[in-house]
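Enquirer: Okay, structure incoming, though there's no sequence with it:
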């Protein structure tokens, strides 16, 4: 008799991460810590479809239910997550979990279920949109990591150091607050509202403080000019958020921040370092990430409409679109826009 599909909440399972760590195909985004951040920040409800046998996952599809008066009710795997591929020990188990999730979504009245990443469907299923992803092997010494870089990347690191840029690795709430100031500045520059500070405070409480992430800040003449937030789980590291003051762009502080992160994770025994997703029209960011010697791939997103029993395919690049008017918006209004809108976006 085959094991049955259950819908579980990782926030109610004290052994979740331990079970996850022994499951092939897991990532940081499957952890209960990330689920906690999404739930606490935006009141999303976990609906994780799983098959568990002898305490181990045979299949797992993490989904958060997003309820919004603006964007409707839907399931997303997972909101504000670059990719979240399924855990599965075999096609039979994955199909069973998928079928149960589709039925759940139909009964719940979801507009669609969004799946972020490959491993769910074959080539015959249309994707809704796609991004670029970059992954670097960091199971090497510093000399080999440096040798894998593009010449221009090495030059930029040297330039930052020669210019007097200083880097610090931190885990404090004060460091997160300093990063958030840069984050607001960067989002405004791109015509986008920033996520509310409560989101980053929850990242600090449930991830950074739990030794599953870190903050790296670069300063010049006692002023923070660049920074990034990283997550890690087992032997995987993940670059999640980056920000900088463009007035100091010529100092190449972002290159030094990334190099310090790669070195740190390599020394800690990580095997892979992921650079997150990149919009297909973000040529500069794509070049920055590929300059470290990372392998590029396509990250496909899929949307399935349970009520219509079909996929919503467009096969167009997915983009985070900015609005020029936001670059001129007073800061209090910009922050308010972020607090109001993000929970509806998912």
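Expert: Perfect, thanks for sending it. Treat the numbers as computed from the prediction; the structure is a model and nothing was measured.

Enquirer: ok, now which ones touch the residue nearest to residue 175 when sequence neighbours are not counted?
Expert: The shortest distance from residue 175 to any residue that is not its chain neighbour, by CB to CB, 6 or more residues apart in numbering, is 4.5 Å, and that residue is residue 215. Placement of C-beta: from N, CA and C, glycine included. Under the criterion of CB atoms under 8 Å, 6 or more residues apart in numbering, the contact partners of residue 215 comprise 169-172, 175-176, 179, 208, 227-230.

Enquirer: nearest to residue 326, of these?
Expert: Distance ranking of these against residue 326, using CB to CB, places residue 179 first at 20.2 Å.

Enquirer: Please report phi then psi for that closest one.
Expert: Residue 179 adopts backbone torsions of phi -60, psi -40, taken as degrees, to the nearest 10.

Enquirer: same deal with residue 146?
Expert: As for residue 146, its main-chain torsions (degrees, to the nearest 10) stand at phi -70, psi -40.

Enquirer: what residues are up against it?
Expert: Shown here is residue 146, whose contacts under the criterion CB under 8 Å, 6+ apart are residue 154.

Enquirer: quick one: which helix or strand includes residue 277?
Expert: The secondary structure element spanning residue 277 is strand 272-278 (assigned by DSSP states H and E).

Enquirer: Just the mean pLDDT for the following helix or strand past that strand, thanks.
Expert: Beyond strand 272-278 in the direction of the C-terminus, DSSP H and E gives the next helix or strand as helix 283-290. The pLDDT scores in helix 283-290 average 95.

Enquirer: If you count neighbours, what's buried in helix 283-290?
Expert: By neighbour count with 16 or more other CB atoms under 10 Å, helix 283-290 contains the buried residues 285-286, 288-290.

Enquirer: What ranges in this protein fall below the confidence cut-off?
Expert: 1-2, 315-319, 321-323 (pLDDT under 70).

Enquirer: domain ranges for it?
Expert: For the chain, the domain assignment from automatic domain parsing gives the residue ranges 6-131+300-345, 133-297.

Enquirer: Straight-line length of the longest one, end to end?
Expert: In this case it means domain 6-131+300-345. Domain 6-131+300-345 has an end-to-end distance of 27 Å (CA to CA, to the nearest Å).

Enquirer: Before we go further, residue 33 is sitting in a helix, right?
Expert: Yes. If the criterion is DSSP: H, G, I helix; E, B strand; the rest coil, then residue 33 is within a helix.

Enquirer: And for it, the neighbour number?
Expert: The number of residues packed near residue 33 is 25, by other CB atoms under 10 Å.

Enquirer: and the closest residue to residue 209 other than its chain neighbours, what is it in contact with?
Expert: In this structure, residue 209 finds its nearest non-sequential neighbour in residue 171, 7.1 Å apart by CB to CB, 6+ apart. For residue 171, the contacting residues are 208-209, 213-215, taking CB under 8 Å, 6+ apart as the criterion.

Enquirer: about what we covered before: so which of the contacts of residue 215 belong to strands?
Expert: Among the contacts of residue 215, the subset assigned to strands under DSSP state E consists of 169-170, 227-230.

Enquirer: Adding neighbour count and distance to residue 86, write those out as a markdown table.
Expert: What follows is these, written out as a markdown table (neighbours: other CB atoms under 10 Å; distance: CB to CB, whole Å):
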| residue | neighbour count | distance to residue 86 |
| --- | --- | --- |
| 169 | 14 | 33 |
| 170 | 16 | 34 |
| 227 | 30 | 32 |
| 228 | 22 | 28 |
| 229 | 25 | 25 |
| 230 | 27 | 24 |
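
Enquirer: which among these gets closest to residue 269?
Expert: For the ones in strands among the contacts of residue 215, the nearest to residue 269 is residue 230 (15.0 Å; CB to CB).

Enquirer: out of the contacts of residue 171, who has the most neighbours?
Expert: In terms of neighbours by other CB under 10 Å, the contacts of residue 171 top out with residue 215 at 26 neighbours.

Enquirer: In what element of secondary structure is it found?
Expert: Taking DSSP H and E as the criterion, the element that holds residue 215 is strand 213-220.

Enquirer: partners of that strand in the sheet?
Expert: Strand 213-220 has the following strand partners under DSSP bridges: strand 166-170 (antiparallel), strand 223-233 (antiparallel).

Enquirer: Any buried residues in stretch 159-168, and which?
Expert: By neighbour count on 16+ other CB under 10 Å, the buried set for stretch 159-168 is 159-161, 165, 167.

Enquirer: Just the endpoints, please. Distance across it?
Expert: For stretch 159-168, the first-to-last residue distance is 17 Å (CA to CA).

Enquirer: give the contact list for the nearest residue to residue 285 once chain neighbours are set aside.
Expert: Nearest non-adjacent residue to residue 285, counting by CB to CB, 6+ apart: residue 278, 5.2 Å away. With contact taken as CB under 8 Å, 6+ apart, residue 278 is in contact with 131-134, 285-286, 289.

Enquirer: Relative to residue 161, how far out is residue 214?
Expert: According to CB to CB, to the nearest Å, residue 214 stands 20 Å off from residue 161.

Enquirer: Which parts of the protein are helices?
Expert: When secondary structure is read from DSSP state H, the chain shows helices at 16-21, 32-42, 91-108, 142-147, 151-162, 173-189, 197-203, 253-267, 283-290, 331-345.
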